[in-house]
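I would like to see how this sequence folds:
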Amino acid sequence: MRRQKRILAGSALALGMVMVITIGTPIASFASGASPGTDRSSSHPFLSTLGHLTTIGSTVPANGDVNPYGVAVIDASAGRLVRGDTLVSNFNDAANVQGTGRTLVEVSPKGKQTLFAKITSLPSGQHCPGGVGLSTALAVLPGGWVVVGSAPAAGPSGNPASTNPNGCLIVLNSVGHVIETWSNPSINGPWDLTSSFQGASGSIFVSNAFSRPAVLRNLPSSGLCSVVRLNVVLGHGAPRVTSSTIVGRGFPWRVNHSTFVLAPTGVALSRSGTLYVAETIGNRITSIPNALTRSTSVVDGSSTLTHGGALNAPLGLVMAPNGDLIATNGNDGIATEISPQGRQIATATLVSNGAGTLFGIAISLDGHGLVFVNDGKNQLDADAAR
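Below is the predicted model of the structure:
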């Protein structure tokens, strides 16, 4: 079992008591923020339709990797990817060292687990600064291409690798073979991601955990990091990055021994093209309007959707089918539903006494539930309609 972790985000602690509301009960707006354009929320909270918590299955493969982070529900079968299964990335190795996990497992709705990939080496000519340690950043692209982030540790220490920039994005085909890696000055500790594709082209948004000061070759212990949009094309052969644009900057991060790093984590894209970012240290959700097309970056703190209230070191983010945003807390195992106008309208306890257990989260394939990792128990869980 991994170390129990609590995300000690300064603003969250300063709030003192955090009000927890019974699932489905509306709660007052705790903050106002940027208007996300034409997005509309249903009058009925998505979380109020749930309440049937179940364990799907273990995420521990034969090599003993633990600490599941990333989650991606597979919406189309390809190769070894089966529609309806969930892909999960592991962040720790069998010795429970953070930033050294190398496996992706596929879990069926009935809990059958298969190894999708074990990344022990990279193809000739491909490089990932600092090595391999699979993060929350995980997506399945059209055609069965899998993109997973690597934010590696410096070996047995469990601290981030000193290389600056740190890590990369790893691209695998639909049978789990690594095809290529993506690394550039805009990618530094890819911590989470979300993607949007129309046909053969699309965008991948990556929240970075680290920063790259121009004068420093080694990774500092804290700083201000960014969110980057990668424009990607699909076609013959592997996906290809055509350009990268920083769409958000000024997000605080710092190395933390018990949690590896505190940094912006979850990213979710709305129907109107507003990108939302879970800002863990500041205990808020930042909005980045026109994220698919903008050429300038939004500075963290200048465009806050909501802060405080039921948020308690937010980590995972996902858009609900009704147009609301679902954020999961790092400090208490609770999910909060937020309207496009920034009102916190419902909460649900996904893991009781769940400090340090929630990271990746996704909407189930049928659109009527949540799928999420419980890394306190190294398993994949679900919250479905009652």
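
for residue 66, see how far away residue 348 is.
Distance of residue 348 to residue 66, given as Cβ to Cβ, to the nearest Å: 25 Å. Just so you know, the C-beta spots here come from the backbone N, C-alpha and C atoms, and that holds for glycine as well.

same question for residue 155.
Distance of residue 155 to residue 66, given as Cβ to Cβ: 17 Å.

where exactly do the strands run in the stretch 201-350 of the chain?
For the stretch 201-350 of the chain, the strands defined by DSSP state E, counting those that start in this stretch occupy 201-208, 222-233, 240-256, 260-262, 267-269, 275-279, 284-288, 298-299, 304-307, 314-319, 325-329, 334-338, 344-349.

let's have those strands in CSV, adding mean neighbour count.
CSV is the format used below for the strands of the stretch 201-350 of the chain (neighbours: other Cβ atoms under 10 Å):
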stretch, mean neighbour count
strand 201-208, 24
strand 222-233, 20
strand 240-256, 18
strand 260-262, 24
strand 267-269, 23
strand 275-279, 28
strand 284-288, 27
strand 298-299, 18
strand 304-307, 24
strand 314-319, 26
strand 325-329, 30
strand 334-338, 27
strand 344-349, 25
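
let's have these in JSON lines, adding distance to residue 112.
Formatted as JSON lines, the strands of the stretch 201-350 of the chain follow (distance: least, Cβ to Cβ, whole Å):
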{"stretch": "strand 201-208", "distance to residue 112": "29"}
{"stretch": "strand 222-233", "distance to residue 112": "31"}
{"stretch": "strand 240-256", "distance to residue 112": "34"}
{"stretch": "strand 260-262", "distance to residue 112": "30"}
{"stretch": "strand 267-269", "distance to residue 112": "29"}
{"stretch": "strand 275-279", "distance to residue 112": "31"}
{"stretch": "strand 284-288", "distance to residue 112": "35"}
{"stretch": "strand 298-299", "distance to residue 112": "42"}
{"stretch": "strand 304-307", "distance to residue 112": "38"}
{"stretch": "strand 314-319", "distance to residue 112": "24"}
{"stretch": "strand 325-329", "distance to residue 112": "25"}
{"stretch": "strand 334-338", "distance to residue 112": "26"}
{"stretch": "strand 344-349", "distance to residue 112": "27"}
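
would you turn those strands into TSV with distance to residue 135 and mean pLDDT?
Converted to TSV, the strands of the stretch 201-350 of the chain look like this (distance: least, Cβ to Cβ, whole Å; pLDDT from 0 to 100):
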stretch	distance to residue 135	mean pLDDT
strand 201-208	10	98
strand 222-233	13	97
strand 240-256	13	97
strand 260-262	9	96
strand 267-269	12	98
strand 275-279	14	98
strand 284-288	20	98
strand 298-299	23	98
strand 304-307	24	98
strand 314-319	12	98
strand 325-329	16	98
strand 334-338	21	98
strand 344-349	25	97
